[in-house]
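Colleague: sequence? don't have it. structure:
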């Protein structure tokens, strides 16, 4: 089967950073589905893994997590899917990725593709939707208000893939007032389209901008990117007993300044459940089905903003470069081999 993979981690500006390869077709066993991949999208985690993580000597590492496709075959213990079912999912960082014609995935982390979306539109959603949902409702627990600022959330990095779906889920499923950051006119317009009530510029100091809104201190802050640059501002602007969540990887994270305000810190990593095979693994499949229902009801929409081309090494190298530049808006999707 066709696939895109690498053997040597490092910068993207090399011909061997990602290569077109031919690999053996996998076989579905146990609770695995064998999915024929129709479309994939690219996330920052793809670029981070490619840049730093070496596969076993002599082996190819196939990246890709988001996917939409059709079930080709099922393992003997599969309960909820049959060949021919359209699906979407985000896979596991501990297994080969979705940048291949066929892919194995545990059925418990798979959702049924929204009927109203194309494969391209659906492939943009799974990883970011899981990340946003788990952060909002499992980590920050926004349905149980903080003592102060429990009606206000600040989302830092509102225009990216995670930010785009976070804003939609907040507006659809909560009554919170949503403040989001974006720095360019086109990204500011995008976050407003996705549901932000107020938009501020993360290239400028955040504290004064939040204060100028006259809404008080937010009880929740969700930082999707560049947390290290904004940490001192977050300490100042968050409400006492607030909840702070992040998903990126700052080189240093000094949590001590949060102590005086008794702020709780929450890290979200959507691969935790599949990597550790947690008892609640199936919650991710259920979550994706809820997202699909919201999409089909017209309450949220796909965050796909660009179709980059076919699933091949040259196109993926270009998209990785765009992701690493930090200028992407929404999600970039590839379709077909």
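Modeller: Yep, that arrived. Predicted, not measured: the structure shown is a model, and the values here were computed from it.

Colleague: residues contacting the nearest residue to residue 79 once chain neighbours are set aside?
Modeller: If the residues on either side of it in the chain are set aside, residue 79 comes closest to residue 107, at 7.1 Å by C-beta to C-beta, 6 or more residues apart in numbering. In short, each C-beta sits where N, CA and C put it, glycine included. Listed by C-beta atoms under 8 Å, 6 or more residues apart in numbering, the contact set of residue 107 reads 31-33, 74, 78-81, 285.

Colleague: buried ones among those?
Modeller: The neighbour count (16 or more other C-beta atoms under 10 Å) marks 31-33, 74, 78, 81, 285 as buried among those.

Colleague: which one of these is nearest to residue 229?
Modeller: Of all the buried ones among the contacts of residue 107, residue 285 has the smallest distance to residue 229: 35.5 Å, by C-beta to C-beta.

Colleague: so the closest one is in which element?
Modeller: Per DSSP states H and E: residue 285 is located in helix 283-296.

Colleague: again with residue 128
Modeller: Following DSSP H and E, the helix or strand that holds residue 128 is helix 126-133.

Colleague: returning to that earlier point: among the buried ones among the contacts of residue 107, give me the pair with the biggest separation.
Modeller: Distance extremes for the buried ones among the contacts of residue 107: the farthest pair is 74 and 285 at 14.4 Å, using C-beta to C-beta.

Colleague: gap between the spatially most central residue of the chain and residue 288?
Modeller: Closest to where the C-alpha atoms of the chain average out (C-alpha atoms, centre = their mean) is residue 128, at 2.4 Å. Distance, residue 128 to residue 288, using C-beta to C-beta, to the nearest Å: 11 Å.

Colleague: also residue 21?
Modeller: Note on residue 21: its distance to residue 288, by C-beta to C-beta, is 29 Å.

Colleague: who's more crowded, the two?
Modeller: residue 288 (26 against 16; other C-beta atoms under 10 Å).

Colleague: which non-adjacent residue is nearest residue 130?
Modeller: Distances taken as C-beta to C-beta, 6+ apart put residue 270 closest to residue 130, at 4.4 Å, once the chain neighbours are dropped.

Colleague: the one you found: how many residues sit nearby?
Modeller: Count around residue 270 with other C-beta under 10 Å applied: 28.

Colleague: is it in a helix, a strand, or coil?
Modeller: Put simply, residue 270 is coil when judged by DSSP: H, G, I helix; E, B strand; the rest coil.

Colleague: span of stretch 274-282 from start to end?
Modeller: End-to-end distance for stretch 274-282: 9 Å, by C-alpha to C-alpha, to the nearest Å.
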